[in-house]
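Enquirer: Quick one, fold the following:
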Amino acid sequence: MDRIRTISRILLILYVIAVGILCFSRFNTGIDLSSTWFGIPKDKVVHFTMFLPYPILMYAAFFRYEKRPARLILFLVIVIAAGMILAGATELIQGELKYRSADIMDFRADSLGIFTGSIITLIAWILVGKKK
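Expert: Residues are numbered from 1 along each chain as shown. This is a model prediction of the structure:
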């Protein structure tokens, strides 16, 4: 179990580095992120997808499995709050960069990704608990 937790923590660190690179780098890929995908702006889909794994990786890296749902819910509330602080900080920093801009809708997409990842984590915990 310690090996899995160590790998999870390494993946979490790599994930945070990747989010930092995606949020603060200049990209000139030629991909038009101003268009929509099923009516949703592509850049919002990117933001949602970028923050979706955060709660799952936090769970894998730090949560000790217990049968008490209150512990998991408290853990996820803390993860959601920390994730939203991280998402808000990235937007504030982007607002200070000359080549990026802050956007409240990006923050909303980030937050929705964090919340959805938390729901997925909760559902997975319930399903695993039924098997034990």
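
Enquirer: And the strand or helix carrying Val46, how far out from the chain middle?
Expert: In this assignment (DSSP states H and E), Val46 forms part of helix 42-51. Centroid separation for helix 42-51 versus its chain: 10 Å, with CA atoms, centre = their mean, to the nearest Å.

Enquirer: Skip ahead from it and say which helix or strand is next.
Expert: As assigned by DSSP H and E, the chain's next helix or strand after helix 42-51 is helix 53-62.

Enquirer: now the angle from the next helix or strand after that following helix to helix 53-62?
Expert: Per DSSP H and E, the first helix or strand lying C-terminal to helix 53-62 is helix 69-96. Comparing the axes of helix 69-96 and helix 53-62 via axes from the mean of the first three to the mean of the last three CA atoms, to 10 degrees yields an angle of 130 degrees.

Enquirer: circling back to that earlier point, so what touches the helix holding Val46?
Expert: Identification of contacts with helix 42-51 by CB atoms under 8 Å, 6 or more residues apart in numbering yields 19, 22-23, 32-37, 83, 87, 105-106, 108-114, 116-117. In short, each C-beta sits where N, CA and C put it, glycine included.

Enquirer: Give me the buried entries from these.
Expert: By neighbour count, with 16 or more other CB atoms under 10 Å, the contacts of helix 42-51 hold Val19, Cys23, Gly83, Ala87, Asp106, Ala109, Asp110, Ser111, Leu112, Gly113, Ile114, Gly117 as buried.
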